[in-house]
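Enquirer: the sequence isn't on hand, but the structure is:
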């Protein structure tokens, strides 16, 4: 099941992908990480999908990462006496805390936090930005607005407030319950919605207590502005382009995507590009040309992963969607221009011994007939540094921790291998050679680069590199460590 591409594919599970047969078909088609959307499905359904993934992992003998995506607070208007109303450009419309059913002039907005944050001139977006209003006057319990872009407004439509930082925590009470449930269940990554500030990430990390890595979803303008401080406290990033494209002008999203990917690569933290990547494949077995180009752009930019949402969760062609994404990735990464673009966009700091070791490993692998860079890692940090280098050869991450092997499945180019604990570098080399042969990455006459830290079994000690044969006889013939 070794993939013939480096970028990873995240597939969301849902009603269309809810049993062993379909989920294993998605894995065979190319899914590396499975996303459990906590906005849909109760805890029993989430637990059942988690159990199926772990059974597939056992059956295939390869680690699989599971990402639980927390819903975040949902801002919605109230209900209308007639079910819906039409708003026309230029008319006045009020949002307030009155529980009375709405009409053509007003509706309830049951979020006093919004009114506290609004200012004259602030924008409110309704129904994914289809309706846009501007605040003319506001107080602690109302906002009088002028309709800038009209349309139909109906019961419980979503409301976005793009140009203010809302005094809302990223975790609702439901999110806290879900977080504890999935951490106990044993997911590898937590995706955090509604992130506006680094403190939102810190709160989630304190609740997770090290049981899962924290991935921040960048979906609000405030998060874009505070991105570098959010990245510093996150383990990974998701560029959630759907909400970004609602709260920001759509033409702003591509350059933001490119900038965030580069910053994540520099920080050696994985970044997922998400939302509407193959949207037409919800109903069609074939994507549009524009969608294929969109996926290809994320690959050329060096993203760690691309994600399918409704395409694999609720669409009619989930396997075809994963297959298409896999095929696009294979084709792009075989383009000679891909390697030129990746190399040209590499900006890597050289401030530690570990930085120097992984840089040297990549240089060796790309200038000599090396088949793979093999890195022993207790916490995954060394493997992350190797992935940051974006080498032209395979990366094999060897770790005695099943949890770390699963977590690393999200990283670019990573072939994860759970191995025994070793106390001598020579045995590390032996295990690396075995892994390379078992994965059909190298044969006994080939050579690999092995990185590790001495003394063993201590994190943050990467300080040794060796070019080694893939034959155990040749390894042992070189004498003692």
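Expert: Noted; the coordinates are in hand. All figures in this text were calculated on a predicted structure; none of them were measured in a lab.
Enquirer: so which strand or helix has residue 306?
Expert: strand 305-308 (DSSP states H and E).
Enquirer: spatially central residue for this protein, please.
Expert: Ranked by distance to the mean C-alpha position of the chain (CA atoms, centre = their mean), the top residue is residue 272 at 3.6 Å.
Enquirer: which SSE is it in?
Expert: strand 271-274.
Enquirer: residue 361 now?
Expert: Counting by DSSP H and E, residue 361 is part of helix 353-367.
Enquirer: output the contacting helices and strands for that helix.
Expert: When contacts are defined as 3 or more CB pairs under 8 Å, 6 or more residues apart in numbering; DSSP states H and E, helix 353-367 packs onto strand 370-376, helix 381-388, strand 447-453, strand 462-469. Yep, even glycine has a C-beta here, placed from its N, CA and C like the rest.
Enquirer: now do the last one and helix 353-367, the angle between them.
Expert: Taking axes from the mean of the first three to the mean of the last three CA atoms, to 10 degrees, one finds that strand 462-469 is oriented at 20 degrees with respect to helix 353-367.
Enquirer: can you tell me what sits against stretch 311-327?
Expert: 3, 5, 9, 11-17, 22, 25-26, 29-31, 37, 40, 277-279, 281-287, 292, 295, 306, 308 (CB atoms under 8 Å, 6 or more residues apart in numbering).
Enquirer: ok, of those residues, which come out buried?
Expert: 3, 5, 9, 11-14, 16-17, 22, 25-26, 29-31, 37, 40, 277-279, 281-282, 287, 292, 295, 306, 308 (16 or more other CB atoms under 10 Å).
Enquirer: narrow these to those in strands?
Expert: Among these, DSSP state E puts 9, 11-13, 37, 306, 308 in strands.
Enquirer: could the residues you listed be laid out in JSON lines, adding pLDDT and distance to residue 430?
Expert: Below are these laid out as JSON lines (pLDDT from 0 to 100; distance: CB to CB, whole Å):
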{"residue": "9", "pLDDT": "98", "distance to residue 430": "32"}
{"residue": "11", "pLDDT": "98", "distance to residue 430": "35"}
{"residue": "12", "pLDDT": "98", "distance to residue 430": "39"}
{"residue": "13", "pLDDT": "98", "distance to residue 430": "38"}
{"residue": "37", "pLDDT": "97", "distance to residue 430": "42"}
{"residue": "306", "pLDDT": "98", "distance to residue 430": "36"}
{"residue": "308", "pLDDT": "98", "distance to residue 430": "39"}
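Enquirer: and which of these is nearest residue 66?
Expert: residue 13 (9.5 Å; CB to CB).
Enquirer: need the nearest residue in space to that closest one, chain neighbours excluded.
Expert: Nearest non-adjacent residue to residue 13, counting by CB to CB, 6 or more residues apart in numbering: residue 49, 5.2 Å away.
Enquirer: quickly find the element holding that neighbour.
Expert: Assigned by DSSP H and E, residue 49 falls in helix 43-60.
Enquirer: list the buried residues in that helix.
Expert: 46-47, 49-50, 52-53, 56-57.
Enquirer: same question for stretch 354-370.
Expert: Buried residues in stretch 354-370 (16+ other CB under 10 Å): 354-355, 357-359, 361-362, 364-365, 370.
Enquirer: pLDDT of it, averaged?
Expert: What stretch 354-370 shows for mean pLDDT is 92.
Enquirer: repeat for stretch 46-53
Expert: Mean predicted lDDT for stretch 46-53 stands at 98.
Enquirer: the nearest residue to residue 213 once chain neighbours are set aside: neighbour count?
Expert: Nearest residue to residue 213 in three dimensions, chain neighbours excluded: residue 235, at 3.9 Å (CB to CB, 6+ apart). Counted with other CB atoms under 10 Å, the neighbours of residue 235 add up to 20.
Enquirer: go ahead and confirm residue 235 touches residue 210.
Expert: No. Taking CB atoms under 8 Å as the definition, residue 235 is not a contact partner of residue 210, at 10.8 Å.
Enquirer: give the next helix or strand downstream of the helix holding residue 49.
Expert: strand 65-69.
Enquirer: contact partners of that following strand?
Expert: Outside strand 65-69, the residues touching it (CB under 8 Å, 6+ apart) are 10, 12, 32-39, 46, 50, 53, 178, 182, 186-191, 193, 212, 215, 217, 406-410.
Enquirer: mind checking which of those are in helices?
Expert: 46, 50, 53, 178, 182, 406-407 (DSSP state H).
Enquirer: ok, those residues vs residue 76, which is closest?
Expert: Closest to residue 76, out of all of the ones in helices among the contacts of strand 65-69 and judged by CB to CB, is residue 178, at 18.7 Å.
Enquirer: gap between the closest one and residue 197?
Expert: 21 Å (CB to CB, to the nearest Å).
Enquirer: show me which of those two is the more surrounded one.
Expert: residue 178 (22 against 17).
Enquirer: how close does that one sit to residue 461?
Expert: 36 Å.
Enquirer: re earlier: neighbouring strands - and their directions - for the strand holding residue 272?
Expert: According to DSSP bridges, strand 271-274 forms sheet pairs with strand 236-240 (parallel), strand 305-308 (parallel).
Enquirer: show residues contacting it.
Expert: Contacts for strand 271-274 (CB under 8 Å, 6+ apart): 10, 215, 217, 236-242, 257, 260-261, 264-265, 298, 301, 303-307, 309, 410.
Enquirer: what's the mean pLDDT across it?
Expert: 98.
Enquirer: list the buried ones in it?
Expert: Residues of strand 271-274 classed as buried under the neighbour-count rule (16+ other CB under 10 Å) are 271-274.
Enquirer: same check, this time on stretch 388-405
Expert: Within stretch 388-405, judged by 16+ other CB under 10 Å, the buried ones are 388-391, 393-401, 403-405.
Enquirer: am I right that residue 174 is in a helix?
Expert: Yes. Counting by DSSP: H, G, I helix; E, B strand; the rest coil, residue 174 is found in a helix.
Enquirer: mind listing the helices for the stretch 201-350 of the chain?
Expert: 221-225, 227-233, 241-247, 253-267, 289-300, 310-313, 318-333, 336-344 (DSSP state H, counting those that start in this stretch).
Enquirer: tell me which other helices or strands the second one touches.
Expert: Other elements packing on helix 227-233 under the criterion 3+ CB pairs under 8 Å, 6+ apart are helix 198-208, strand 213-218, helix 253-267.
Enquirer: single out the most deeply packed of the ones you listed.
Expert: Using mean count of other CB atoms under 10 Å, the stretch among those with the largest mean neighbour count is strand 213-218, at a mean of 25.
Enquirer: quick one: strands adjacent to that one?
Expert: Strand 213-218 is paired, per DSSP bridges, with strand 189-192 (parallel), strand 236-240 (parallel).
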